[in-house]
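In: Dropping a prediction and its sequence here:
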Amino acid sequence: MSFGRRPEADPAAVADQPTRLGGAPVPPPASGTPAPAPAAGADYAYQPTAAAFPAQHAQQALPAPGAPVGPFDPYGAGTPQGYRPQTPPPSAGGYGYPPQAPGPAYSQPGPAFPQQQAYGYPGPPAPAPRRRNPVLLYGGIVGGLLVVAIIGGLVILFDDDGRTGKGGGGGPAGTYNVAWAAPKAAGGHGSGLLGIWGGDKLVVRGDESGIRAYNSADGKEAWSLTPPAGAKEFCAMSYGPNGKGVGAVALNTGDGDCSTLGAVEVATGKLLWSKKVSTEKVYSPTLSITDKVIAVGAGSALGAFGVADGTPAWAYQPRDKSCSTSGARAAGAAIVLTDRCYGSTVSTKSTLQVLDAESGKAGAQFALEGSSERLSKVISDKPLVLAMSGGTGGDYVVGFDAAGKPMAKVPVKEAGSDSLRFSDSSDAFTLNVVSGTTLYVQGGTSSKPTIEAYDLTAGKKLWEKDSGSEQGMRLVSGTDKDGAVRAVVANGYSKPGKLVTLGKADGAVTELGPIAKPKSGTLIFSITEFVVTDEGSLVAFSKSSVSEPVVKFTKG
């Protein structure tokens with residue numbers, strides 16, 4: 001079973017992927033400090049090295065501001081949000097490694113990121129590690145016992161006549177019945193969903209406390225992986241495994257330092273290796289994995305390491321010594337970043353750059369406007385769609401065509417409505433889907449979420465739909481084989497929810513079937529990630545420990 005997400009992006013198609021800029025401007029160089037001359041040749045010149053990431057002490061970038069607080073925001077207001085990669089969609093199909101018994105992880109010291117000479121004033125303090133809240137409601141956290149009473153408008157209750165076993169109720173023909181509901185792990189799950197991996201036989205869910213795999217046939221736990229000795233928790237996962245069934249993880253060894261990387265064999269849950277790759281602290285990294293490298297984007301630190309053992313593959317060097325990097329984020333087969341230069345001889349002060357993840361070589365590069373425009377998120381890696389912040393006309397989204405050229409800008413904020421809600425392409429949870437040249441995002445208000453469609457070529461809204469339901473609807477990750485976008489409709493306590501598709505031209509709703517409720521009787525709309533597998537099953541992943549971590553539905 002695969003989750004219907006696109007396979008790893010082809011490096012040649014990197015120009016087709018979108019990105020987003022964000023963050024505060026970097027202070028200018030200190031008075032009296034001469035700016036070094038740019039590298040000979042062009043403004044964009046830089047040399048990838050095989051050593052490791054350069055450390056940029058003076059320009060330590062703060063994470064991009066968090067998304068608006070609301071039922072779709074898994075973090076609290078003001079929570080730093082400093083990356084996000086990926087992240088490439090997982091590849092479909094089985095895994096290339098033979099089954100092995102889980103083995104102990106080993107750790108070995110890695111080279112430090114080479115230090116880059118500091119320019120300008122001391123940078124801002126290191127960002128605190130991003131923490132995930134058990135339940136976030138309009139900026140508040142509530143205990144599990146209060147959830148139903150407080151967020152009645154955000155709970156999906158499905159009809160249940162109690163006719164089926166295996167942890168759920170059934171329904172008439174055409175209903176998505178509960179095939180199984182995975183039990184909570186002993187001691188409770190971590191509070192934040194980090195990643196979802198899938199294949200022919202396994203459904204994998206990861207959070208800070210551990211990564212757990214369930215047999216797709218019956219929901220029984222196949223393996224579990226907890227942080228190895230010396231690590232406090234997992235702090236990032238690649239969006240999916242590579243073509244050989246290996247996924248990438250980052251580990252927090254204390255104080256939010258996620259500079260330790262690891263590779264996990266998804267078929268067995270074995271941590272193949274773990275390795276500290278920097279003596280500098282790395283916060284909120286985004287990870288991409290190809291068959292050759294694990295690419296890392298985190299603020300000003302970016303580079304790649306070999307999948308086999310974590311050996312440094314390359315490290316980014318700025319195009320001039322007066323340039324600082326911000327918003328670096330792994331994006332499938334690419335890494336996307338923005339920079340700002342202060343040297344008097346550098347004619348192009350800010351650029352958006354797309355690098356090949358495996359070689360570090362520069363691909364598309366674009367001059368940016370103003371002094372604070374920068375990448376915020378990679379909404380999609382193929383095609384490339386970016387969320388940018390600090391533009392002269394405000395924050396915006398931009399997609400790139402097949403030739404790698406930027407299309408029209410889509411404003412993030414519309415008069416009289418909330419800002420659009422986005423998630424990184426590496427996020428396990430999905431607040432946006434890209435199909436062709438159309439971007440679908442969660443819109444509306446916190447109490448009545450809608451789905452909005454935007455034409456990336458024209459930069460305008462096509463339509464907005466709430467399906468006429470009591471509680472709006474929630475996008476489902478990915479698209480079907482024809483590129484159709486799907487959503488789960490929430491109808492409150494009295495009516496069953498349902499899975500639907502949305503017409504591209506006008507958002508017309510076509511029902512695929514009602515959804516039976518799991519044994520617990522609730523699915524909390526705002527903290528559930530829905531995925532439709534290639535085989536047509538619906539899988540729900542809880543972002544918290546309020547209910548079962550994973551529930552699988554099959555159509556009767």
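Out: All right, it came through fine. Residues are numbered from 1 along each chain as shown.
In: residues of stretch 421-441 that come out buried?
Out: 421-435, 437-441 (16 or more other C-beta atoms under 10 Å). For every residue, glycine as well, the C-beta is placed using N, CA and C.
In: Now do the strands in the stretch 101-250 of the chain.
Out: Taking DSSP state E, counting those that start in this stretch as the criterion, the stretch 101-250 of the chain contains strands spanning 107-108, 136-137, 140-141, 155-156, 176-181, 193-198, 202-207, 210-215, 221-225, 233-237, 246-252.
In: partners of the last one, with directions?
Out: Yep, that's strand 246-252 we're talking about. strand 233-237 (antiparallel), strand 260-265 (antiparallel) (DSSP bridges).
In: S467: which of those strands is closest?
Out: Closest approach to S467 among the strands paired with strand 246-252 is made by strand 233-237 (31.7 Å; C-beta to C-beta).
In: Show me what that closest one is in contact with.
Out: Residues from elsewhere that reach strand 233-237 (C-beta atoms under 8 Å, 6 or more residues apart in numbering): 83, 85, 129, 190, 194-195, 197, 206-211, 227, 247-252, 256, 258, 284-287, 428.
In: Same question for stretch 408-420.
Out: 68, 70, 387, 391, 393-398, 439, 441-446, 452, 454-461.
In: try it again with 6 Å
Out: Residues outside stretch 408-420 that contact it (C-beta atoms under 6 Å, 6 or more residues apart in numbering) are 68, 395-398, 441, 454, 458-459.
In: Report the buried members of those.
Out: Buried by 16+ other C-beta under 10 Å: 395-398, 441, 454, 459, out of the contacts of stretch 408-420.
In: Distance to T325 and secondary structure for the residues you listed - can I get that in JSON lines?
Out: Formatted as JSON lines, these follow (distance: C-beta to C-beta, whole Å; DSSP: H, G, I helix; E, B strand; the rest coil):
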{"residue": "D395", "distance to T325": "20", "secondary structure": "coil"}
{"residue": "Y396", "distance to T325": "21", "secondary structure": "strand"}
{"residue": "V397", "distance to T325": "22", "secondary structure": "strand"}
{"residue": "V398", "distance to T325": "20", "secondary structure": "strand"}
{"residue": "V441", "distance to T325": "28", "secondary structure": "strand"}
{"residue": "Y454", "distance to T325": "29", "secondary structure": "strand"}
{"residue": "G459", "distance to T325": "28", "secondary structure": "coil"}
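In: sorry, back to before: state the pair within the contacts of stretch 408-420 that is farthest apart.
Out: Pairwise distances across those (C-beta to C-beta) peak at 25.3 Å, for the pair P68 and A458.
In: ok, back up a step: redo the contacts of stretch 408-420 as a markdown table? Include distance to Q365 and pLDDT.
Out: Listed next are the contacts of stretch 408-420 as a markdown table, based on distance: C-beta to C-beta, whole Å; pLDDT from 0 to 100:
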| residue | distance to Q365 | pLDDT |
| --- | --- | --- |
| P68 | 31 | 34 |
| D395 | 21 | 92 |
| Y396 | 19 | 94 |
| V397 | 19 | 95 |
| V398 | 15 | 96 |
| V441 | 27 | 93 |
| Y454 | 25 | 95 |
| A458 | 25 | 96 |
| G459 | 22 | 94 |
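In: any low-confidence regions in the stretch 351-500 of the chain?
Out: Residue ranges of the stretch 351-500 of the chain with pLDDT under 70: 416-418, 446, 469-470, 493-494.
In: scratch that, the stretch 151-300 of the chain
Out: 151-168, 170, 187-191.
In: What's the local residue count around D482?
Out: Burial measure for D482: 8 neighbouring residues, criterion other C-beta atoms under 10 Å.
In: same question, P406
Out: Applying other C-beta under 10 Å, we find 18 residues neighbouring P406.
In: Just the residues contacting the helix or strand containing F553, thanks.
Out: Secondary structure from DSSP states H and E places F553 in strand 550-555. Strand 550-555 has contacts (C-beta under 6 Å, 6+ apart) with 176, 178-182, 203, 205, 214, 513, 518, 537-541.
In: correct me, but N177 touches A516?
Out: Yes - in this structure, N177 is within contact of A516 by C-beta atoms under 6 Å, at 4.8 Å.
In: follow-up on the earlier one: how about a markdown table for the strands paired with strand 246-252, with mean neighbour count and distance to G332 added?
Out: As requested, the strands paired with strand 246-252 are exported to a markdown table (neighbours: other C-beta atoms under 10 Å; distance: least, C-beta to C-beta, whole Å):
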| stretch | mean neighbour count | distance to G332 |
| --- | --- | --- |
| strand 233-237 | 26 | 15 |
| strand 260-265 | 25 | 17 |
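In: With that, I have no additional questions.
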